[in-house]
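Q: below are the sequence and a predicted model for it; my questions follow.
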Amino acid sequence: MTSLARPDVALRESWAVAMLELGDQAHGSGWYAVGGGAALDLTAAGCAAYVAALAGLAEPAAGGAGRVPTEYWWVVDGEPHEVVGFLALRRDLDAWHHEQGGHLGYSIRPGRRGRGHAGCAVRLALGRAAGLGMQRLLVTCAEDNVASRRVVERCGGVLEDVRRGTCRYWVPTAAVPTRPAGAGAAPA
């Protein structure tokens, strides 16, 4: 069952596999904010530093030059949990995120796509956002990313426009149930 989990060193092995499988397409993982393009350290110490840095990025003081406070989640499946993707939820938007990045970023490992993980993760994020008092989220994706466009539209997204090849959808947080069939509990 797909659910969202806080980043946790206990999931290091499947996190490492997910990061390697996604490479530079690890949207929502926080790697660009934490690593800034440096080599990824997949050791236990590297994962611990990564997890700690992600937790710090959710703090209000984490905003500033090109950054907004962001909650990072790992999309997990099964028992024990396997990291199948990543999700980032931004409560506020700066100019760039309003134009291109949106409130929500996510990615699912190529080997785990087509199984409903992205849709479940987005629905769970909508439930989390509703709990934070957010009434709608801006969700963006590349114009040619048909699979992601379908996910957003199935979750109630309404296309506002396309800017520089990026589709901009507004998704009401009440658009879909927070616990669709087969999805895990919405995070608290």
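A: Arrived safely. Note that the coordinates shown come from a computational prediction; the quantities given were computed from them, not determined experimentally. Numbers count the residues shown, from 1 in each chain.

Q: hey, let's count contacts and neighbours off CA atoms from now on
A: Fine.

Q: shaky segments in the chain?
A: Applying pLDDT under 70 to the chain flags the ranges 35-38, 62-66, 175-188.

Q: which parts of it are helices?
A: For the chain, applying DSSP state H gives helices covering 12-22, 31-35, 44-56, 95-96, 117-131, 146-154.

Q: from those, which stretch is densest packed?
A: helix 117-131 (a mean of 23; mean count of other Cα atoms under 10 Å).

Q: about what we covered before: quick one: which of the helices of the chain is nearest Thr173?
A: Nearest to Thr173 among the helices of the chain is helix 117-131; the distance by Cα to Cα comes to 4.9 Å.

Q: hey, C-alpha coordinates of the closest one in PDB?
A: Output in PDB follows, covering the C-alpha atoms of helix 117-131 (Å, rounded to 0.1, in the frame of the first residue of the first chain):
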ATOM      1  CA  HIS A 117       2.000   5.300  -6.600                       C
ATOM      2  CA  ALA A 118       2.100   8.900  -8.000                       C
ATOM      3  CA  GLY A 119      -1.700   9.300  -7.800                       C
ATOM      4  CA  CYS A 120      -1.800   8.000  -4.300                       C
ATOM      5  CA  ALA A 121       1.100  10.200  -3.200                       C
ATOM      6  CA  VAL A 122      -0.500  13.300  -4.700                       C
ATOM      7  CA  ARG A 123      -3.800  12.500  -3.000                       C
ATOM      8  CA  LEU A 124      -2.100  12.100   0.300                       C
ATOM      9  CA  ALA A 125      -0.200  15.400  -0.200                       C
ATOM     10  CA  LEU A 126      -3.600  17.100  -0.900                       C
ATOM     11  CA  GLY A 127      -4.800  15.700   2.400                       C
ATOM     12  CA  ARG A 128      -1.800  17.000   4.200                       C
ATOM     13  CA  ALA A 129      -2.100  20.400   2.500                       C
ATOM     14  CA  ALA A 130      -5.800  20.600   3.500                       C
ATOM     15  CA  GLY A 131      -4.800  19.900   7.100                       C
END
